[in-house]
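Asker: got a structure for you, letters missing:
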Ligand SMILES: C[S@@+](CC[C@H](N)C(=O)[O-])C[C@H]1O[C@@H](n2cnc3c(N)ncnc32)[C@H](O)[C@@H]1O
């Protein structure tokens, strides 16, 4: 069912301690994945692309009050905030909320930062127009509880956006494993012993696909349920696992332009067959991630 062990609990409920440790120790956690102009690296491009698809889904829907659950640095909320939404960022990790506050201040974005658990959120029923999570739900063995809690705080007519990154060795990444191994080797040769970062803390991740998520929604007050694969690109890095490490700046810049060309071609060639005509959408089994979205019934 899962490749990683739930190290600090019998039933994985978010790998809370492991995340907090990574947020404290890794320099990658200081990356700012939001950018106003052209994306400078593959992760900025990824969040830009998530946002374009989300915006398409949300057009003609309310999006004033937005909650990001398991926000980390609040990358996707930066897009919502920049677009004029009132954002609330919730995470169990006090460390990452401090990083998020610094990033928001440097980008001149405003948000409310809440240290709390996704399983029991300190908000009344029907509080938000959008509840979004990126890379959260796959860290729970019991996915029903956090999903029902998110439905509870959504307003009728509000939109749930759950972007899930399952443990899935057979996705697009499998074609590039050899390349990342070479990069890892090269990075190791050029990194001195003193500069070697501590090993990343292992984090529980399920391999549940949408077939495990959709039955949970049966009988719930939800409509307009949709699923799509997302992120049809590999992560090219000596360290592609969370928290993701970037390559040297010129390489990232070049890679980002190549990915943009691939996306442009995908749109021209296959646009009509893709979910909402969006080149960031793909088959669920191919993508790095998949999206489950629905609206709370009016
Ligand atoms: C993979 S990170 C994703 C961060 C962010 N959404 C992003 O897009 O980069 C998952 C986040 O969920 C948080 N988290 C894990 N379990 C949680 C829980 N039970 N309640 C709230 N946040 C949780 C972790 O601290 C971590 O910041």
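Answerer: Looks like it came in fine. Bear in mind that the values here come from a model prediction, so they are computed numbers and not experimental data. Residues are numbered from 1 along each chain as shown.
Asker: quick one: secondary structure of whichever residue of the stretch 151-298 of the chain sits closest to the ligand?
Answerer: Per C-beta to the nearest ligand atom, residue 242 is where the stretch 151-298 of the chain lies closest to the ligand, at 5.3 Å. The way it works is simple: take the backbone N, C-alpha and C, and place the C-beta from them, glycine included. Recorded secondary structure, residue 242: coil (DSSP: H, G, I helix; E, B strand; the rest coil).
Asker: any idea how many residues pack against it?
Answerer: Residue 242 has 18 neighbours, counted by other C-beta atoms under 10 Å.
Asker: so what's it up against?
Answerer: Contact partners of residue 242, counting by C-beta atoms under 8 Å, 6 or more residues apart in numbering, are 22, 135, 200, 203.
Asker: those residues: which two are farthest apart?
Answerer: With C-beta to C-beta as the measure, no two of the contacts of residue 242 lie farther apart than 135 and 200, at 14.7 Å.
Asker: among the contacts of residue 242, find the lowest-pLDDT one for me.
Answerer: Least confident by pLDDT among these: that is residue 200, with 81.
Asker: count of neighbours near that residue?
Answerer: Residues lying near residue 200 (other C-beta under 10 Å) number 17.
Asker: element containing it, please.
Answerer: Per DSSP states H and E, residue 200 falls between elements, in no helix or strand.
Asker: would you map the strands across this protein?
Answerer: Secondary structure of the chain (DSSP state E): strands located at 65-69, 86-91, 112-115, 128-134, 154-164, 222-230, 281-282, 289-296.
Asker: in its sheet, what does the first one sit against?
Answerer: Paired neighbours of strand 65-69 in the sheet (DSSP bridges): strand 86-91 (parallel), strand 128-134 (parallel).
Asker: reformat the ones you listed as a markdown table; add mean neighbour count and mean pLDDT.
Answerer: Below are the strands paired with strand 65-69 laid out as a markdown table (neighbours: other C-beta atoms under 10 Å; pLDDT from 0 to 100):
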| stretch | mean neighbour count | mean pLDDT |
| --- | --- | --- |
| strand 86-91 | 24 | 98 |
| strand 128-134 | 25 | 98 |
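Asker: compare those and give me the one nearest the ligand.
Answerer: Proximity of the strands paired with strand 65-69 to the ligand was assessed by C-beta to the nearest ligand atom; the nearest stretch is strand 128-134, lying at 3.5 Å.
Asker: any part of that closest one near the ligand?
Answerer: Yes. Interface with the ligand: strand 128-134 contributes residue 134 (C-beta under 6 Å from any ligand atom).
Asker: now the angle from that strand to strand 289-296?
Answerer: Inter-element angle recorded for strand 128-134 and strand 289-296: 160 degrees (by axes from the mean of the first three to the mean of the last three C-alpha atoms, to 10 degrees).
Asker: what's the angle between strand 128-134 and strand 154-164?
Answerer: Using the same axes, to 10 degrees: strand 128-134 against strand 154-164 is 10 degrees.
Asker: who touches strand 128-134?
Answerer: Under the criterion C-beta under 8 Å, 6+ apart, residues 50, 54, 58, 61-70, 72, 75-77, 80, 85, 88, 118, 150, 153-155, 157-163 lie in contact with strand 128-134.
Asker: same deal with stretch 30-50?
Answerer: Here stretch 30-50 makes contact (C-beta under 8 Å, 6+ apart) with 73, 75-76, 78-79, 82, 99, 103, 106-107, 109, 134, 163, 230-231, 233, 235-236, 243-244, 246-247, 249, 252-253, 255-256, 259-260, 263, 280.
Asker: ranges for the helices of the stretch 151-298 of the chain?
Answerer: 177-190, 210-217, 249-270 (DSSP state H, counting those that start in this stretch).
Asker: and the shortest one, what does it pack against?
Answerer: To tie it back to what came earlier, the one meant is helix 210-217. helix 144-153, strand 222-230, strand 289-296 (3 or more C-beta pairs under 8 Å, 6 or more residues apart in numbering; DSSP states H and E).
Asker: now, of the ones you listed, which is deepest in the fold?
Answerer: strand 289-296 (a mean of 22; mean count of other C-beta atoms under 10 Å).
Asker: if we can go back for a sec, could I get the helices and strands packed on helix 210-217 as a markdown table with distance to residue 33?
Answerer: Below are the helices and strands packed on helix 210-217 laid out as a markdown table (distance: least, C-beta to C-beta, whole Å):
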| stretch | distance to residue 33 |
| --- | --- |
| helix 144-153 | 22 |
| strand 222-230 | 15 |
| strand 289-296 | 15 |
